[in-house]
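Student: pasting the structure only:
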C-alpha cells in the first residue's frame, strides 16, 4: 500500500469516526429529550387534573390510519378507527412534543465532537483538527500522522459521558416522584376549586351521604299494639308467646335515620331559647 | 556533521511523518545553541520558530547581550551561510545587495555582479535603524521578495533566507527608526533582556577561561533538511476554530481601547504559521490555543501603536496585547 493510499484510508477512517461520534451524540440527545418530554407530560397532566381543566375545551376526534385497524385485527387486537380525546390532553401532548423537539435541537447544537474532547482530554484539540483536515481532504504526511494519532486515541475514548448522567438521574427522579404524586392525587379524587382562587380541596361526596336528606320526623309518635302469645283460647291471638313467637308490623319499624324538621333545626334560635328555659326549670312558668 | 542529521526525521512511513523525531531534531538544535548562549531559552525558541516559518525577526536589546553571537551560533547549528551587515548612515543600497563591477577576463573587460552580504542564508543586519531609509528599504525589499534586481537582472537569494535585524533601543540620536510599514515585514520582534545574575555568572565562567575560543557547536541540521522542515510546518493542520481564534486576536488589536492602530492580516498569517511551528517543537501535528497565545506577543508587539493615553499610563505594547489574548 502506498503512502498516499494509507493517508487517504486514515482520512476516511477519521470521517467515519466523526460520523460515529455524531451518532452517539444523537442517541444521547434522544435519551435526554425523552426524559425531559416525559417530565413535561407528567407535570402538564397533573396540572390539568388539579385545575380541573380536563372538562373544558371539549373533545377532539383523531382519526387513525385505516390500515392500523386491519393490522390490529390480523394480530387479534382491536384498534378503533378514531380516538376521541379531550382538547386539553391534545394541548398537553403537543406541548410535550414541542418541548422534546426543542430540547433535542438545543442539546444537539451544543453537542459536538468537541464534547468528546471535553470528556476525553487526551484527544485535546487533535480530534477536531483531524475532523477539519479530513473534511478538507488533506492527505499530507503531517495530516497522516494526526489521523493515526487521533484514531489511536479514539480507541480509548468513551462517549458514555455524552449522557449527562447526573441531570438524567435528577430528571428521572422527578418524573418518578411526580408519577407517584399524580397517582396518589387521582386515587384520592382531589381537585382544586374552580377558578375562584380557592384551592382548598373539598370532599365531593357531600354531607347527605352520611346523615341523609332532611325530612320531618314521622317515627316514634305512633302507638303500636303488640300482642304477646298466651295460653287458652282467644280469638284475637296473633302469636304464640310460649312458642317464642310474636308478631309485629315490621314494615312500620324499619330503621330510619334521625333528622330534624325544618322547624326544629338545632340552630333555630327559638328552639334553643325554649330548651334553655325548660332547663332552667319553671323559670318561665313558675317564677 | 553529527548523527542527528542522518536521522530520518522527515521520512514518511505509512503516509505519516515521525513527529517525535522532528521534535527531537529541533530540540537538538536548541541544545547546540545552549552550548554557547546561556539562558535565553525563550528567545532561542522564538528565533527558531521564526526560522521554521521562513520569516524574519527584529531583535532588540542593549549592546553586549550576545545578539550577534546568537545569530552566528544559530547559523552554525543549522549549517547555514552567515553574513553580517553593520548598518551606518553612509551605507549604500548597493553595499547590501551587491553591484556590478568591471572585471578583466583575459584581454576583455566585462561587467560581473559582485554579490553583496545579503547573499547568505542568515543575514544579521546590525543596528538597522542606523542605515538611511533608502538602504533600509533596499534591504527590506530584498528580505520580502527574497530576490535582488541589479543591472536589469533579477537574482534570487539563497534558500532558506533569514534576516535578523537588530536595534539598539537606548541610542536614538542619529538613527532612522523603521517605519511601521517596514516593521510589519518582520514576522517577530524579540526583546533580549539582560540575563539574571546566575546566568551571568555562567556566562563569565564560560567565556573568560580561554582566549579566542568559543564553545563547540555541532551542526545538527542541514539547510536542505531545514527547508523540508519549513515545508512541513506549512502542512500542519489547523482546526477551524483555532484559525478563527488567531484572526480574532489580531482583529482585537484594531478595535482595542488603547491601541491607535492595529495589526495587519499579515500578522494573522504569521500567528497561525508560528503556531504550527510551535506545535512541531512540542511533537504535535495540530495547533492549540496555547501555541497561538505563546506567539501572540512577539508577533504583534511591533505591529501595533499605542494611543496617547496608554503611553501616558506607561503601558507597553506587551501589556496591552496580554489583555487581548
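Tutor: Happy to help now that I have it. Just so it is clear, the model here is predicted, and its values are computed rather than measured.

Student: can you map out the helices along the stretch 151-300 of chain B?
Tutor: Chain-ordered helices for the stretch 151-300 of chain B, with DSSP state H, counting those that start in this stretch as the definition, fall at B:180-183, B:197-207, B:223-235, B:240-255, B:265-281, B:289-300.

Student: nearest to chain A, of those?
Tutor: With Cβ to the nearest Cβ as the measure, helix B:223-235 is the member of the helices of the stretch 151-300 of chain B nearest chain A (4.1 Å). Where you see a C-beta, it was placed from the backbone N, CA and C, and this is true even at glycine.

Student: What is that closest one packed up against?
Tutor: Applying 3 or more Cβ pairs under 8 Å, 6 or more residues apart in numbering or on different chains; DSSP states H and E, we find helix B:223-235 packed against helix A:141-156, helix B:19-34, helix B:41-52, helix B:265-281.

Student: which regions of the stretch 51-200 of chain A lie under the pLDDT threshold?
Tutor: Along the stretch 51-200 of chain A, segments meeting pLDDT under 70 span A:53-57, A:111-119, A:121-122, A:158-162, A:186-200.

Student: So which residues on it come close to chain B?
Tutor: Within the stretch 51-200 of chain A, the residues that sit near chain B (Cβ under 8 Å from any Cβ of the partner chain) are A:124-126, A:128-133, A:136, A:138-149.

Student: Selecting buried members of those in ChimeraX, what would you type?
Tutor: Buried residues within those, as defined by 16 or more other Cβ atoms under 10 Å in any protein chain shown, are selected in ChimeraX through the command that follows:
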select /A:125,126,128,129,130,131,132,133,138,139,140,141,142,143,144,145,146,147,148,149
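
Student: Do I have it right that residue A:146 meets residue A:127?
Tutor: No. In this structure, residue A:146 sits apart from residue A:127 without contact. The criterion is Cβ atoms under 8 Å, and the distance is 9.6 Å.

Student: Would you mind listing where chain B has pLDDT under the threshold?
Tutor: For chain B, applying pLDDT under 70 flags the ranges B:1-15, B:170-172.

Student: Contact partners for residue 92?
Tutor: You didn't say which chain, so I picked chain A. Contacts for residue A:92 were tallied using Cβ atoms under 8 Å, 6 or more residues apart in numbering or on different chains; they are A:41, A:44, A:45, A:48.

Student: oops, chain B please
Tutor: Residue B:92 neighbours (Cβ under 8 Å, 6+ apart): residue B:135.

Student: So which residues make contact with stretch B:298-310?
Tutor: Surrounding stretch B:298-310, the residues in contact under the criterion Cβ under 8 Å, 6+ apart are B:46, B:58, B:180, B:183-184, B:186-191, B:249-250, B:253, B:258-264, B:267, B:270-271, B:274, B:315, B:317-318, B:320-321.

Student: List the buried residues in it.
Tutor: In stretch B:298-310, counting by 16+ other Cβ under 10 Å, buried: B:298, B:299, B:300, B:301, B:302, B:303, B:304, B:306, B:310.

Student: For that stretch, measure first residue to last.
Tutor: Distances were taken as Cα to Cα, to the nearest Å; on that basis the terminal residues of stretch B:298-310 are 19 Å apart.

Student: which bits of chain B sit near chain A?
Tutor: Residues of chain B lying near chain A by Cβ under 8 Å from any Cβ: B:12-19, B:232, B:235-242, B:284-289.

Student: Drop the exposed ones from these and show what's left.
Tutor: Applying 16+ other Cβ under 10 Å to those, the neighbour count classes B:12, B:14-19, B:232, B:235-239, B:242, B:284-289 as buried.

Student: coming back round to it: now the buried residues of stretch B:298-310 as a markdown table including distance to residue B:166?
Tutor: Formatted as a markdown table, the buried residues of stretch B:298-310 follow (distance: Cβ to Cβ, whole Å):
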| residue | distance to residue B:166 |
| --- | --- |
| B:298 | 15 |
| B:299 | 18 |
| B:300 | 20 |
| B:301 | 16 |
| B:302 | 13 |
| B:303 | 18 |
| B:304 | 21 |
| B:306 | 23 |
| B:310 | 26 |
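
Student: Now flag whichever of those residues is closest to residue B:98.
Tutor: residue B:302 (28.0 Å; Cβ to Cβ).

Student: that's a strand at the closest one, yeah?
Tutor: No. Residue B:302 is assigned coil when assessed by DSSP: H, G, I helix; E, B strand; the rest coil, not a strand.

Student: what's near enough to touch whichever residue of the stretch 101-250 of chain B sits closest to chain A?
Tutor: Proximity of the stretch 101-250 of chain B to chain A (Cβ to the nearest Cβ) peaks at residue B:237, 3.7 Å away. The neighbours of residue B:237, taking Cβ under 8 Å, 6+ apart as the test, are A:129, A:130, A:132, A:133, A:136, A:138, A:142, A:143, A:146, B:285, B:286, B:287.

Student: Which helix or which strand is home to the residue nearest to it when sequence neighbours are not counted?
Tutor: Leaving aside its chain neighbours, residue B:237 sits nearest to residue A:133 (3.7 Å; criterion: Cβ to Cβ, 6 or more residues apart in numbering or on different chains). Taking DSSP states H and E as the definition, residue A:133 sits inside helix A:126-135.

Student: neighbours around the residue nearest to residue B:313 when sequence neighbours are not counted, how many?
Tutor: Counting by Cβ to Cβ, 6+ apart, residue B:313 lies nearest to residue B:258, which is 8.0 Å off, once chain neighbours are set aside. Neighbour count of residue B:258, defined by other Cβ atoms under 10 Å in any protein chain shown: 17.

Student: gap between residue B:258 and residue B:301?
Tutor: Distance, residue B:258 to residue B:301, using Cβ to Cβ, to the nearest Å: 14 Å.
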